[in-house]
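# Have a look; sequence and predicted model below, questions after that.
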Amino acid sequence: MTSREGRCTRPGSLPLSTPHHVAIIMDGNGRWAKSRGMPRSMGHRKGVEAVRETVRTAGESGVRYLTLFAFSSENWNRPPDEINDLMGLLRHFIRRDLAELHKENVRVRVIGDRDRLEKDILALLEEAEELTRANSAMHLVIAFNYGGRNEIARAMKRIAEAVDRGDLDASSVDESTVTSFLDTAGIPDPDLIIRTSGEKRLSNFLLWQAAYTEFVFVPCLWPDFDKAAFSNAMLEYQQRERRYGAVPERDLALGS
Ligand code: IPE
Ligand code: IPE
Ligand code: MG
């Protein structure tokens, strides 16, 4: 495409295949409940059903990694009752769904700062990771008490400690070193980040990992996010062109 024409048109085919890693900012539970005159806790409860459906749909669609932002490091700023509800729902989800996830050969991983979590929650999360360690159908990554800046700061601290101990040479620290010290070590960067509820921000999610991620912002509130909404978001992703800072081959060929 050499002129301005076509700038606003969409390609007719789908250049990209199914995203390998989809990460979701599950937002809008409170507004969903409010619009129905219900307490926010009902929105969170309904949101768990959307989680179940999304895990199923992702698996069926061939997504290999699904990361769900369940509780941010800033969500501690919410009222204590709401925090308790969210902690309770995580407990409930792991207790009720872990056996099923294991049966479906899903591997569970948890990212985020584990220091501030209640002991029983930490134990449940570790049990989920341990039980499903050898599973290979899909990776379900739960971002819990997660914040991108916190994750990067913790990684920096551990890198500094490794340098102090003499296990790491400071001059050798590069991007791959940082990547390997993050909670997401071994997990590929997300291809697609979906945020529901119409907000268009990252809210401290996967700051390092999202360097070249495609974003799809959908207006629907998280409890309403269903198979059709997920498929539409993936379709939108498939129409994108990822360039990673380079010039596409076809433009090079035109000498433009
Ligand atoms: C997302 O829904 C759930 C969490 C952040 C844990 P919200 O609770 O943020 O819902 P809104 O944004 O207030 O509608
Ligand atoms: C982001 O949603 C965190 C999760 C989805 C867990 P928030 O509702 O906390 O984000 P802000 O406050 O609107 O940026
Ligand atoms: Mg919100």
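It's in. Ligands and ions are numbered 1, 2, ... in the order given.

# what residues does this protein put near ligand 1?
Selection of the chain residues close to ligand 1 by CB under 6 Å from any ligand atom yields 26-31, 71, 75, 86, 197, 222. All C-beta spots, glycine's among them, are computed from the backbone N, C-alpha and C.

# Can you tell me which of those is closest to residue 168?
Residue 168 lies nearest to residue 71 out of the residues of the chain next to ligand 1, by CB to CB, at 31.3 Å.

# Checking the closest one next. Helix, strand or coil?
Per DSSP: H, G, I helix; E, B strand; the rest coil, the secondary structure class of residue 71 is strand.

# pLDDT score assigned to it?
Looking at residue 71, its pLDDT stands at 98.

# Near ligand 2, which residues of the stretch 1-150 of the chain are found?
Selection of the stretch 1-150 of the chain residues close to ligand 2 by CB under 6 Å from any ligand atom yields 25-27, 69-72, 75.

# again with the stretch 151-256 of the chain
Contact residues, the stretch 151-256 of the chain versus ligand 2 (CB under 6 Å from any ligand atom): 199, 201, 203.

# Just to be sure, residue 157 is in a strand?
No: under three-state DSSP, residue 157 sits outside any strand and is assigned helix.

# all strands in this protein, in order from the N-terminus.
Assigned by DSSP state E, the chain shows strands spanning 21-25, 65-72, 106-111, 138-146, 192-195, 214-217.

# I'd like those strands written out as JSON lines, with mean neighbour count and distance to residue 235 added.
Formatted as JSON lines, these follow (neighbours: other CB atoms under 10 Å; distance: least, CB to CB, whole Å):
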{"stretch": "strand 21-25", "mean neighbour count": "25", "distance to residue 235": "13"}
{"stretch": "strand 65-72", "mean neighbour count": "22", "distance to residue 235": "17"}
{"stretch": "strand 106-111", "mean neighbour count": "21", "distance to residue 235": "24"}
{"stretch": "strand 138-146", "mean neighbour count": "24", "distance to residue 235": "20"}
{"stretch": "strand 192-195", "mean neighbour count": "24", "distance to residue 235": "11"}
{"stretch": "strand 214-217", "mean neighbour count": "18", "distance to residue 235": "9"}
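
# Output those strands as CSV; include the columns distance to residue 15.
Formatted as CSV, the strands of the chain follow (distance: least, CB to CB, whole Å):
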stretch, distance to residue 15
strand 21-25, 17
strand 65-72, 21
strand 106-111, 29
strand 138-146, 24
strand 192-195, 14
strand 214-217, 12
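
# Out of those strands, the one nearest residue 173 is which?
So among these, strand 106-111 is nearest, using CB to CB, at 21.4 Å.

# and that closest one, which strands flank it?
Sheet pairing for strand 106-111, assigned by DSSP bridges, gives strand 138-146 (parallel).

# Let me see the mean pLDDT of the strand it pairs with.
98.

# quick one, that strand and strand 65-72 angle?
20 degrees (axes from the mean of the first three to the mean of the last three CA atoms, to 10 degrees).

# rewinding a little: now flag whichever of the residues of the stretch 1-150 of the chain next to ligand 2 is closest to residue 17.
Nearest to residue 17 among these, with distances taken as CB to CB, is residue 25, at 23.0 Å.

# which residues does the closest one contact?
Residue 25 makes contact with 69, 193-196, 199, 202-203, 205 under the criterion CB atoms under 8 Å, 6 or more residues apart in numbering.

# Residue 42: which of the residues of the stretch 151-256 of the chain next to ligand 2 is nearest?
residue 199 (20.3 Å).
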